[in-house]
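J.: Okay, predicted coordinates and the sequence, questions at the end:
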Amino acid sequence: MNHRRQALTGPTHRRSGARRSILAAAALAAAVLLVSVPASGRETEAGRLYSALDRMSKLTSHQVRPPAARLAGGVPDTAERLDRLREPASTAETQVGIALGELQQMNALTYDPHYAPALVAAGRAFVAITGQDPLTRTAVNPEYLGLEHELAANTSRLQTAGRDAAKVLRGVKRLNRELTRSKRRAGHLERQLRRMRARDTGEGSSAR
């Protein structure tokens, strides 16, 4: 029994109660407004509400939902493609390190006009791929820690962005459904008010 009482007073129940209170207050406010406005005015306001909801529904359907869907589908695909680059980047890092090491072990006294350019090129490639000085093996730029590391970090960021994009798409779909339902309710209200005005007009004519 105590567990049930705690459940009914927990955060979820309190949020549900708060939502019901807000909806009740909104319904009461709408009723007061409808009573205080003449029948023809109520019908006009309901028509305006329906038109506004219709425009918002079309906006979310045609201009918000399609790009959200493309983003939700494209970002994870890009993250996957980027992640596949990590293996060749790691291979390139290993192989350029081997090449540079072999060049450094060669006898510098052996005359070959191609030796020095090859050593410089290998050293530059090593820096570009690993972000490290070829002699000290320390980072040249603390903001760049190597190609494989950067690919891994950016893949992780894209994966997070993909999850966020999927949440946005789900939210847009829910919003579109709510707008569609609200538009139907506004249309129903407009028709009811039109019938009420027609009935009131008919009763007034009969009384005269």
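T.: Great, that's in hand.
J.: Select the longest helix from this structure.
T.: Ranked by residue count, the top helix of the chain under DSSP state H comes out as helix 147-207.
J.: other SSEs contacting it?
T.: Contact partners of helix 147-207 among helices and strands, from 3 or more Cβ pairs under 8 Å, 6 or more residues apart in numbering; DSSP states H and E: helix 39-59, helix 65-84, helix 86-105, helix 115-130. From N, CA and C alone the C-beta is placed, and that goes for glycine too.
J.: so how far is the last one off the chain centroid?
T.: From the chain centre to the centre of helix 115-130 is a distance of 42 Å (Cα atoms, centre = their mean, to the nearest Å).
J.: elements contacting it?
T.: By 3+ Cβ pairs under 8 Å, 6+ apart, helix 115-130 packs against helix 86-105, helix 147-207.
J.: Kindly calculate the angle that the longest one makes with helix 65-84.
T.: For helix 147-207 and helix 65-84, the angle between their directions (axes from the mean of the first three to the mean of the last three Cα atoms, to 10 degrees) works out to 170 degrees.
J.: What is the least confident helix or strand in this protein?
T.: Taking mean pLDDT, DSSP states H and E as the measure, the helices and strands of the chain show their lowest mean at helix 2-8, namely a mean of 43.
J.: circling back to that earlier point, quick one, which of the helices and strands packed on helix 147-207 is nearest to T180?
T.: helix 39-59 (5.6 Å; Cβ to Cβ).
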